[in-house]
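**Student:** have a look at this prediction, sequence included:
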Amino acid sequence: MHEELKEKIAGEIAMSDSPGATIKKWREEFGISQQDLSRKMGISPSMISDYESGRRRFPRTLTVRKIVDSIIEIDMERGGKNVSRFKFSSMDEAILDMREFFSGIKVPDFAHVIQGTIVNENYDPERALYGYTIVDSIKAILNMSAFEYIRLYGWTSERAILFTSVTYGRSPMIAVRANPLKPAMVIYVRPRDIDELAIKIADIEGIPLVRTPLSEVELIERLRKLEV
């Protein structure tokens, strides 16, 4: 449950127009002072104040991770009363695998690892991915609320989203188009074909759309071996 809560908080920070204010909201939600949070992180209270006020630029992904980890750890050290207030619906069946990378891997290199073919033209080949999520598209449609959609992005939206159980792939790209948070790459796992509208949306959004012939098991095995 702690990981789900961390993903929820990190996702909300990433999507917020005022990430500093969102950090402050969650810190205060857990009853943690700037001094306690800074002490846990090993930084000065003024840095926390600068993030929350917007005086300091949006924190890097690793910094957001450290902030969120520290908030949860402090609460657990105090008995976990605030953590226990948050309950989540089960999405374990929808999300098949998820991983964060400590260094980036470029779009063409990631496609090569999964034997993928990029089917659209408008994308940045130099863009780097910092994670991936493999999701069963049918189970996600049945179980995932609009708010829970954030969980697909883990710690960063600069990631590949791999959709299984795809026939033509129109619905996943419409969902990507409608949501303000966009992945860096969309991959269809063994689709029958790819809908022209899905390709058009991918070009409009500048997101590489990829098809792979590998199975879920093969994908997870290959991606888990990536040294990034």
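**Tutor:** Ah, there it is. Numbers count the residues shown, from 1 in each chain.
**Student:** contacts only, for Glu12.
**Tutor:** Residues in contact with Glu12, defined by Cβ atoms under 8 Å, 6 or more residues apart in numbering, are 22, 26, 150. Backbone N, C-alpha and C define where each C-beta goes, glycine included.
**Student:** ok, Ala198 to Asp17 distance?
**Tutor:** When distance is defined by Cβ to Cβ, to the nearest Å, Ala198 is 28 Å away from Asp17.
**Student:** same question for Ala184.
**Tutor:** From Ala184 to Asp17 the distance is 20 Å (Cβ to Cβ).
**Student:** the two: who's more crowded?
**Tutor:** The neighbour count for Ala184 versus Asp17, taken as other Cβ atoms under 10 Å, is higher for Ala184 (24 against 7).
**Student:** look up phi and psi at the more buried one.
**Tutor:** phi -80, psi -20 (degrees, to the nearest 10).
**Student:** what sits closest to Ser165 if chain neighbours are left out?
**Tutor:** Distances taken as Cβ to Cβ, 6 or more residues apart in numbering put Ile138 closest to Ser165, at 4.4 Å, once the chain neighbours are dropped.
**Student:** the one you found in helix, strand or coil?
**Tutor:** Secondary structure for Ile138, judged by DSSP: H, G, I helix; E, B strand; the rest coil, is helix.
**Student:** ok, it - how many residues close by?
**Tutor:** Neighbours of Ile138 using other Cβ under 10 Å come to 15.
**Student:** cool, Ser157 as well?
**Tutor:** Using other Cβ under 10 Å, the number of residues around Ser157 comes to 21.
**Student:** go on, the one 5 residues further on?
**Tutor:** By the other Cβ under 10 Å criterion, the neighbourhood of Leu162 contains 28 residues.
**Student:** for Pro45, give me phi and psi.
**Tutor:** Taking degrees, to the nearest 10 as the convention, Pro45 sits at phi -60, psi -30.
**Student:** identify the residues contacting it.
**Tutor:** Neighbouring residues of Pro45 by Cβ under 8 Å, 6+ apart: 34-35, 38.
**Student:** all good on my end, thank you.
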